[in-house]
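Just to be clear, the model below is a prediction. Sequence and coordinates:
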Amino acid sequence: MKPTPRTFHVKSFGCQMNVYDGERMAELMTAQGMTATDDANAADLVVLNTCHIREKATEKVFSDIGRLRKHGQDPMIAVAGCVAQAEGEEIVRRAKVDVVVGPQAYHSLPALVAQAASGTAAVDTDMPVASKFGALPARRKTGPSAFLTVQEGCDKFCTYCVVPYTRGAEVSRPFDAIVDEAKSLVDAGAREITLLGQNVNAWDDEAGTGLHGLIRALDRIEGLARIRYTTSHPNDMKDGLIRAHAEVEKLMPFLHLPVQAGNDRILKAMNRSHSRDSYLRILDRVREARPDIALSGDFIVGFPGETEAEFADTLSLVDAVGYAQCFSFKYSPRPGTPAAEMDGAVPAEVMDDRLRRLQDALNRDQAAFNAATVGKSCAVLIERKGKLPGQMLGKSPWLQSVHLMTDARIGDLVEVEIVQAGPHSLAGVERVKAVA
């Protein structure tokens, strides 16, 4: 038996949805009277909120568990998230873990912790029909930028992806619940809200509101200055959402729209529902609606059977688009996915070379996009203090990090002239505080 935890630490890996889930688990623990600590080695309860997308994700979880035990402490350890969902009770068998809880069941975490405190390992990887969100506490104090999950799960079944198996089918949260949570976040201090989903632009309700309608509803919330959304799927990039980029001032000029590859045969093997041409046509329409939009995406190199000529098509797509920022990865098989059984494994050294060349092109374009902002003025949302006295850090409308010397407070919107651009951040000079 272990004593009931009084302090806790949540460590989240991976995507923004995991960050959101981690915040909500922290709110659950706080509602139970526990106190958060930034020091995992001093916590009575450590929650490892895992991601299954990255290579060797499961082994990294066991490494983290081992590090926690090395310090001579014996905290209660809970493994949450997608690795928990995929591995289930195997985690309890392989490591000294007290709680295992999947991403659709973390609202049961307090009960699972109580069970573990009584001496019995607790596992819950159910995917209940009832929404977990109704069991979560009301949102409390937040920072100037907040995440809000509106959609979970995926029905696309890309052949390389484990998400449909760890997060379940596509489910949209109710309109009223989302709006209410958004209002609570604004009341708690949020100036910017990022709507989250595995396929966030698939969000809809029985009225056919669509993500664009939801964005227009959030646009009417007093005190909310900025709206973003991620991650989108090309198949769900509808006309109404594209128009919203032209018509909703609070919707920031940034779109993350993963393509994964630039060759049609590879896209078909991945079970992506778009072609190279259809993807580029979507981007053309978005740019027509919002000419200053910053584009972002995801790429996988070395998918089974990918030839050098097919990889060259990916490089040429990058050249055609000119991304402001991107994520890129080497293919790694996820157990249970169709791609893991495909022939034509690309040698590791070939994948390494292709990833290097792809990232060289992406870094080139990101640097060019950042350089093009020098001399422009824009509103920067101040998010935190910088390393230097009087320095603050914030985000531009195009999701660039900006640092400047200012007496503005966290949460202020400041009009800034960009005076310097680096590969990953900008420097600005304050003009006037924006009114928003």
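Sure, I can see it.

List the residues that contact Trp203.
By CB atoms under 8 Å, 6 or more residues apart in numbering, the contact set of Trp203 is Val150, Gln151, Ser172, Arg173, Leu195, Gly197, Gly210, Leu211, Leu214. Yep, even glycine has a C-beta here, placed from its N, CA and C like the rest.

repeat for Ala117
Going by CB under 8 Å, 6+ apart, Ala117 touches Met1, Lys2, Pro3, Thr4, Pro5, Met76.

at 6 Å instead, please
Each residue near Ala117 by CB atoms under 6 Å, 6 or more residues apart in numbering is listed here: Lys2, Thr4.

same deal with Ala122?
When the contact criterion is CB under 6 Å, 6+ apart, the partners of Ala122 are Val99, Leu112, Gln115, Ala116.

do the same with Leu399
Each residue near Leu399 by CB under 6 Å, 6+ apart is listed here: Phe254.

What ranges does the stretch 251-400 of the chain have for its helices?
264-269, 276-289, 308-321, 348-371 (DSSP state H, counting those that start in this stretch).

Just the ones of the contacts of Ala122 in strands?
Secondary structure assignment (DSSP state E) places Val99 from those within strands.

now, among the contacts of Ala122, which is nearest to Met270?
Proximity to Met270 was ranked across the contacts of Ala122 by CB to CB; first place goes to Val99, at 34.9 Å.

nearest spatial neighbour of Asp64, skipping sequence neighbours?
Excluding its sequence neighbours, the residue lying closest to Asp64 (CB to CB, 6 or more residues apart in numbering) is Leu48, at 5.7 Å.

Please look at that neighbour and Val79 and confirm they touch.
Yes - using CB atoms under 6 Å, Leu48 is in contact with Val79, at 5.2 Å.

quick one, which of the two is more surrounded?
Between Leu48 and Val79, counted using other CB atoms under 10 Å, Val79 has the larger neighbour count: 29 against 25.

The more buried one contacts Val46, correct?
No - applying CB under 6 Å as the test, Val79 and Val46 come out as separate, 9.6 Å apart.

and Leu195, which of the three is it?
Under the three-state scheme (DSSP: H, G, I helix; E, B strand; the rest coil), the conformation of Leu195 reads as strand.

now, the most widely separated pair of the contacts of Trp203?
Distance extremes for those: the farthest pair is Arg173 and Gly210 at 13.9 Å, using CB to CB.

Specify which member of the contacts of Ala122 is nearest to Gly302.
Val99 (36.1 Å).

in the sheet, who's paired with the closest one?
Taking DSSP bridges as the rule, Val99 bridges to Ala78, Ala122.

Contact partners for it?
Contacts of Val99 (CB under 6 Å, 6+ apart): Ala78, Leu112, Ala116, Ala122.

Can you pull out the low-pLDDT segments for this structure?
By pLDDT under 70, the low-scoring segments of the chain are 1, 53-57, 71-72, 128-132, 135, 141, 432-436.

and the nearest residue to Ser328 once chain neighbours are set aside, how many neighbours does it have?
In space, and not counting its chain neighbours, Ser328 is closest to Phe299: 4.3 Å by CB to CB, 6+ apart. For Phe299, the count of nearby residues is 24 (other CB under 10 Å).

try the one 10 residues further on
Ala309 has 8 neighbours, counted by other CB under 10 Å.

follow-up on the earlier one: by neighbours, which of the contacts of Ala122 wins?
The residue in the contacts of Ala122 with the most neighbours, by other CB under 10 Å, is Val99 (27 neighbours).

and the gap between that residue and Lys11?
With distances taken as CB to CB, to the nearest Å, Val99 is found 14 Å from Lys11.

sorry, back to before: with distance to Asp38 as extra columns, can I get the contacts of Ala122 in a markdown table?
Putting the contacts of Ala122 into a markdown table (distance: CB to CB, whole Å) gives the following:
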| residue | distance to Asp38 |
| --- | --- |
| Val99 | 21 |
| Leu112 | 23 |
| Gln115 | 27 |
| Ala116 | 23 |
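
tell me the two of the contacts of Ala122 that are most distant?
Across the contacts of Ala122 (CB to CB), the longest gap, 8.0 Å, separates Val99 and Gln115.

In the sheet, which residues pair with Ala146? Tell me.
Judged by DSSP bridges, the bridge partners of Ala146 are Ile193.

Check the spacing between the residue nearest to Ser328 and Tyr160 real quick.
Computed as CB to CB, the Phe299 to Tyr160 distance reads 12 Å.

before we move on, what about Ala421?
Using CB to CB, Ala421 is found at 34 Å from Tyr160.

Got phi/psi on Ser63?
Main-chain torsions, Ser63, degrees, to the nearest 10: phi -70, psi -40.

What is the neighbour count of it?
Counted with other CB under 10 Å, the burial measure for Ser63 works out to 11 neighbours.

Please, where are all the strands along the stretch 101-250 of the chain?
For the stretch 101-250 of the chain, the strands defined by DSSP state E, counting those that start in this stretch cover 122-124, 145-149, 151-152, 171-172, 192-196, 226-230.

which of these is buried the deepest?
Stretch with highest mean neighbour count among the strands of the stretch 101-250 of the chain: strand 151-152 (a mean of 26; mean count of other CB atoms under 10 Å).

Neighbours of Asn41, how many?
14.

Helix, strand, or coil at it?
Following three-state DSSP, the label given to Asn41 is helix.

Surely Val429 and Glu417 touch.
Yes - using CB under 6 Å, Val429 is in contact with Glu417, at 5.1 Å.
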